[in-house]
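1. could you work out the structure for the sequence below:
(one chain, ligands or ions: 2)
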Amino acid sequence: MGKIIEPLRGVHDVLPEAAPAWQFLERIAREVFASYGYEEFRVPVIEQTQLFQRSIGDFTDIVEKEMFSFIDQGEDHITLRPEATAGIARAMISNGLLREGRLRVWCMGPMFRRERPQAGRYRQFHQIDAEAFGFAGPDIDAEIILLSARLLRRLGLSRIKLLVNSLGTPASRAAYRDQLTAYFGAHEAELDEDSKRRLHGNPLRILDSKNPDMQRIVAGAPLLLETLDAESRQHFDSLCAHLRSAGIAYHVEPRLVRGLDYYTRTVFEWTTDALGSQSTVCAGGRYDGLVGQLGGPSTPGIGWAMGQERIVMLLEKQGWVPSRDRPQVYLVLVGERSEHQGFQLAEQLREAWPDLKLQVNLGGGNFKTQFKRADKSGAQFALVLGDDEMARGVVALKALRQELAQEECPVDRISERLAALLGLKGA
Ligand code: ATP
Ligand code: MG
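-> Ligands and ions are numbered 1, 2, ... in the order given. From the prediction side, this is the model:
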């Protein structure tokens with residue numbers, strides 16, 4: 001006997017019983033994107049490794065230790081995408097789309113990071129992304145945050161909170177970086193290993209440290225918001241004003257920096273207190289330098305990514321009740337001849353009523369077995385076609401979930417009868 005093959009660490013199957021929550025999330029996301037005029041963009045799951053090195057930055061968790069990278073047949077250096085923004089920016093440039101100037105897109109799919117697996121943190125996980133290119137002003141920052149707020153609200157999620165901050169321009173950020181290097185340098189002996197490494201590579205990342213021992217030192221660090229350049233200040237104030245007039249509650253969190261190097265000015269996160277330490281469900285920011293950094297025409301950009309697993313966990317936590325996609329009708333077929341005619345009948349019904357959900361009994365079995373299967377399928381009605389019914393040109397119809405007398409219906413009338421019973425709409 002062959003040994004059972006286990007899934008890889010940190011990757012998960014979404015079982016049919018869990019699928020409704022995913023479908024709900026994805027359906028609402030599609031509707032909300034459409035309502036803001038964002039179009040779907042699908043990008044590859046594999047890209048050249050250097051795309052992520054050049055965009056995300058060397059001193060980030062992702063590039064330092066989380067990428068799944070390999071050399072393909074001794075030729076291409078390939079990485080499984082750890083996030084979508086870099087690939088979308090690359091695709092915008094490769095396809096010359098930025099010549100048209102302004103684009104608002106979304107994307108959804110699996111991402112890969114070699115992290116230590118734990119609840120809410122996986123090696124293959126899924127994100128929903130929104131990205132906008134070519135808009136420099138704070139109005140798009142407001143719109144894209146409002147979009148995320150509407151999506152979370154439509155999902156019925158509570159216990160979430162919006163944090164916002166500004167990282168300034170590359171210049172004000174560079175000056176701030178020097179301040180931080182000096183501050184943390186003076187506390188070098190107290191820094192943990194990660195922070196020591198970041199001290200000269202990317203001291204902003206120390207602010208993002210998840211080590212509780214670092215909190216006291218982080219709390220004393222200078223704040224960028226206090227020395228923000230005038231234009232970034234104005235941009236940030238205008239965003240906050242937009243959020244207030246839209247009635248979106250937010251908290252200014254001056255230590256919010258986000259893990260990726262490419263952010264400028266606005267950064268934000270939606271966090272929850274319902275999921276323990278993996279508390280961020282959606283995160284994003286402005287990346288005005290990214291497209292230029294990847295060799296494209298200088299183009300401002302902004303986006304966010306939402307972790308689908310964490311959203312599904314929140315839905316479950318809040319008692320969201322799934323409605324599984326059950327068949328409405330189960331077709332019971334007893335006898336070899338009825339199997340052929342039953343397949344034909346099933347196809348005719350599906351042709352007539354595209355919204356009908358019909359499951360056909362497969363693999364034979366007597367009436368009792370087939371009725372058990374019909375019941376287990378969750379169907380509301382069983383349609384029965386046996387030798388006796390065939391001989392008389394009828395099908396029997398039996399309600400499985402309500403008290404209704406069993407009825408017989410001529411084969412050529414069953415389509416109309418089902419449509420009336422189930423409220424089918426047709427093509
Ligand atoms: P963290 O600080 O939690 O590692 P991050 O800064 O790496 O987060 P982003 O790259 O901003 O996260 O990703 C956006 C969202 O994607 C996160 O807020 C989270 O909801 C989700 N996410 C990120 N990494 C994972 C993962 N390994 N497993 C599940 N969801 C994830
Ligand atoms: Mg991370």
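2. in the stretch 1-150 of the chain, what residue lies closest to ligand 1?
-> Using CB to the nearest ligand atom, the single residue of the stretch 1-150 of the chain nearest to ligand 1 is residue 125, 3.4 Å away. Placement of C-beta: from N, CA and C, glycine included.
3. please disregard the earlier target; I meant the stretch 301-427 of the chain.
-> With CB to the nearest ligand atom as the measure, the residue in the stretch 301-427 of the chain that lies nearest ligand 1 is residue 307; the distance is 2.3 Å.
4. re earlier: how would you label the residue of the stretch 1-150 of the chain closest to ligand 1: helix, strand or coil?
-> strand (DSSP: H, G, I helix; E, B strand; the rest coil).
5. count of residues packed around it?
-> Number of residues near residue 125 (other CB atoms under 10 Å) recorded here: 20.
6. tell me the pLDDT of it.
-> For residue 125, the model assigns a pLDDT of 98.
7. with the one 10 residues further on instead?
-> The score at residue 135 is 97. That number is its pLDDT.
8. residues in contact with it?
-> Residues touching residue 135, when contacts are defined by CB atoms under 8 Å, 6 or more residues apart in numbering, comprise 102, 300, 302.
9. put the buried members of those into a PyMOL selection.
-> The following PyMOL selection, which keeps only the buried ones among the contacts of residue 135, applies the criterion 16 or more other CB atoms under 10 Å:
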select buried, resi 300+302
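10. please list which of the contacts of residue 135 are also close to ligand 1.
-> The subset of the contacts of residue 135 lying close to ligand 1, counting by CB under 6 Å from any ligand atom, is empty.
11. which of the contacts of residue 135 fall within helices?
-> Under the assignment DSSP state H, the contacts of residue 135 contribute nothing to helices.
12. just the contacts of residue 135: which has the poorest pLDDT?
-> The minimum pLDDT among those falls on residue 102, with 93.
13. near the closest residue to that one other than its chain neighbours, how many other residues are there?
-> Distances taken as CB to CB, 6 or more residues apart in numbering put residue 134 closest to residue 102, at 3.8 Å, once the chain neighbours are dropped. Residue 134 is surrounded by 18 other residues when neighbours are defined as other CB under 10 Å.
14. equivalent analysis for residue 263, please.
-> Residue 263 has 24 neighbours, counted by other CB under 10 Å.
15. next, the spatially closest residue to it that is not a sequence neighbour: phi, psi?
-> In space, residue 263 comes closest to residue 285 once its chain neighbours are excluded; the distance is 4.1 Å by CB to CB, 6+ apart. Dihedral angles phi and psi of residue 285 (degrees, to the nearest 10) take the values phi 170, psi -180.
16. can you check residue 135 too?
-> Dihedral angles for residue 135 - degrees, to the nearest 10 - are phi -110, psi 120.
17. one more: residue 409?
-> phi -140, psi 140.
18. measure it to residue 12 for me?
-> Residue 409 sits 45 Å away from residue 12, going by CB to CB, to the nearest Å.
19. could you find the closest non-adjacent residue to residue 64?
-> Counting by CB to CB, 6+ apart, residue 58 is the residue found nearest to residue 64 once chain neighbours are left out, at 7.2 Å.
20. count the residues that sit near that neighbour.
-> Burial of residue 58, expressed as a neighbour count using other CB under 10 Å, amounts to 11.
21. next one: the one 4 residues further on
-> Residue 62 is surrounded by 22 other residues when neighbours are defined as other CB under 10 Å.
22. still on that earlier bit, how close does the residue nearest to residue 64 sit to residue 367?
-> Relative to residue 367, residue 58 is positioned 68 Å away (criterion: CB to CB).
23. A helix includes the residue nearest to residue 64, no?
-> No. Membership of residue 58 in a helix is not supported by three-state DSSP, which gives coil.
24. that one reaches residue 200, doesn't it?
-> No. In this structure, residue 58 is not within contact of residue 200 by CB atoms under 8 Å, at 12.0 Å.
25. how close does the closest residue to residue 13 other than its chain neighbours sit to residue 117?
-> Nearest residue to residue 13 in three dimensions, chain neighbours excluded: residue 7, at 6.9 Å (CB to CB, 6+ apart). According to CB to CB, residue 7 stands 11 Å off from residue 117.
26. for residue 19, same thing?
-> 22 Å.
27. equivalent analysis for residue 421, please.
-> For residue 421 relative to residue 117 (CB to CB), the value is 48 Å.
28. same deal with residue 34?
-> Here residue 34 is placed at a distance of 34 Å from residue 117 (CB to CB).
29. now swap in residue 206 and tell me
-> As it turns out, when the distance is counted by CB to CB, residue 206 lies 25 Å from residue 117.
30. the more surrounded of the two?
-> residue 206 (26 against 14).
31. what's the closest non-adjacent residue to residue 44?
-> residue 87 (6.5 Å).
32. got a pLDDT number for that neighbour?
-> If you check residue 87, the pLDDT there is 97.
33. try residue 321
-> Confidence score, pLDDT, at residue 321: 82.
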